[in-house]
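Engineer: Mind looking at a prediction? Sequence and model below.
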Amino acid sequence: MLYPRWSYDDIRLKYAVARLNKENPDAEPIVLDKLTEQERATLVHDEKVRMRKIEQEIAKQQLAEFLAKEDERALAPPPPEPEEEEDLGKEHWQERYDSIRNSLVKTKQHRHKNFCFDGTTRIPAMCFTDNPMPDYTGHGTTVQFFSVKVGGVDGGLAWPLDVFGLIAVHDKLDYSRNVIFSRTRENPQTLTEQDPYFTLTGPSRAVVYENRVYFETVLKVKGATEPEDKDLSLLLKCFVCCQKVNLCKSEGQGIFDSCVSSRLYTSMLSTLELTCGLVMRSVEATITLQIVKGSWPDGSRGLFTAYIGSLGHMEIVLLDSGKEMVPVVSATDGMVKLSRRVISVERFGQLVVHAVACRGGNKDQVLAENKVSFAPLDSDRSRDKLDLGVCKFDVTVAWSRILEEHAVGHLPLTNGSVDSFT
């Protein structure tokens, strides 16, 4: 099904004409088709100004309500301490997981034609790099994942742990899995007490946040044989971020700023610590690096990270070749094999890409490092050079606006076909 491609200005013009005719019944009616281009532009401008004033009043009212609730919460007595959950078996955690999963499936499958809880999202990155589709996209709020680590183990588990399975997030666009970690039993990641962090490989596209997203883990610890495998974590949790209001904005508005928080999730035989945040008024950035001069120094560890201007203290690991110094550059085309390449950036902020070459496997012995920054765009691509002395990289960032709703007409899906969300 095709949807009419009305622009926002067309809609504003129709509303303005209808409103003015209703407010002035004794005057000569305004006929849309008889308006000159200048008259149309004036009506659209006046309607924008009127709506902006209304939005400001709504924002002030919402801020007042928010502060009133905060005052009530501050005066309220602390809630009773929850009873400790002791010796909860596998059946308990499975029931919790199935209950939330079944509820999510029941409420979402009738609204999303292509909904598949167990499938991966079919909406790719860079959807709007070459066609920003301003009527259907915007600078939305997105979730930025910084790290997931095992904060503690139970049930006789001992370090190191060979972990396999998946970690995913479900957002409102299609509620399918947007995978941020995935390993098979034949290729587990070894976690140690000194380095309990998962090597994240996603998200595959920007994660849209509207009041909530769902965080899912299905993780196991590899045993000597498959029957000896143990369930490490089985979770499906509704994640709601504690947004912080910045009160130091013009016109008395309460504006939400980008933020970072950490949460602990206990399930099965572990407690996981998730560190993530919200990026406000964001665009999606897809990063690629390619050596265009020189070569990567032999026997050197590669560490590639990125961060955004407002959260400069929170680096996102794009690739860490580790102490094993696995190859960081493809021998055929010089492309860097990034583990992650999609992050969210504030539209009027800054993206910084940072590269470090370390002598041997020691991160403290820096051989060369440099960084390059980009001003975000709504669409298209930005390019710059990143010079480490021994080699030079071409850094390309593909920018894309954030999809606002799932019912947007036609989208390029990951299977190569063109389909619609209805």
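Structural biologist: In hand now; what should we look at?
Engineer: confidence score at T275?
Structural biologist: We have a pLDDT of 93 for T275.
Engineer: Kindly apply the preceding question to A59 instead.
Structural biologist: 61.
Engineer: for R50, same thing?
Structural biologist: pLDDT, read off for R50, is 86.
Engineer: what about it, neighbour count?
Structural biologist: Other residues near R50 come to 14 when the count uses other CB atoms under 10 Å. To be clear about C-beta, it is placed using only N, CA and C from the backbone, and glycine gets the same treatment.
Engineer: which SS class is it?
Structural biologist: helix (DSSP: H, G, I helix; E, B strand; the rest coil).
Engineer: Any figure for the gap between it and R12?
Structural biologist: Remark: distance between R50 and R12 (CB to CB, to the nearest Å) = 9 Å.
Engineer: And V317, by the same measure?
Structural biologist: 44 Å.
Engineer: ditto for E405
Structural biologist: In terms of CB to CB, E405 sits 19 Å off from R12.
Engineer: Then S99?
Structural biologist: Distance from S99 to R12, by CB to CB: 45 Å.
Engineer: who's more crowded, the two?
Structural biologist: R12 (18 against 11).
Engineer: wait, what's in contact with that one?
Structural biologist: Contacts for R12 (CB atoms under 8 Å, 6 or more residues apart in numbering) come out as L43, V44, E47, K48, M51.
Engineer: hang on, I100 is in a helix, isn't it?
Structural biologist: Yes - applying three-state DSSP, one finds I100 inside a helix.
Engineer: Quick one, which of the contacts of R12 are buried?
Structural biologist: When these are checked for burial by 16 or more other CB atoms under 10 Å, the buried set is L43, V44, E47.
Engineer: OK, contacts around the first one?
Structural biologist: Counting by CB under 8 Å, 6+ apart, L43 makes contact with R12, L13, A16, V17, L20, L35.
Engineer: switch to 7 Å and redo it
Structural biologist: Contacts for L43 (CB atoms under 7 Å, 6 or more residues apart in numbering) come out as L13, A16, V17.
Engineer: my read is V179 is in a strand, agree?
Structural biologist: Yes - assessed by three-state DSSP, V179 belongs to a strand.
Engineer: i'd like the first residue to be 415 from this point on
Structural biologist: Renumbered: residue one is now 415, and that last one reads V593.
Engineer: Counting neighbours, what do you get for it?
Structural biologist: Number of residues near V593 (other CB under 10 Å) recorded here: 18.
Engineer: That one and L580 touch, don't they?
Structural biologist: Yes - counting by CB atoms under 7 Å, V593 touches L580, with 5.8 Å between them.
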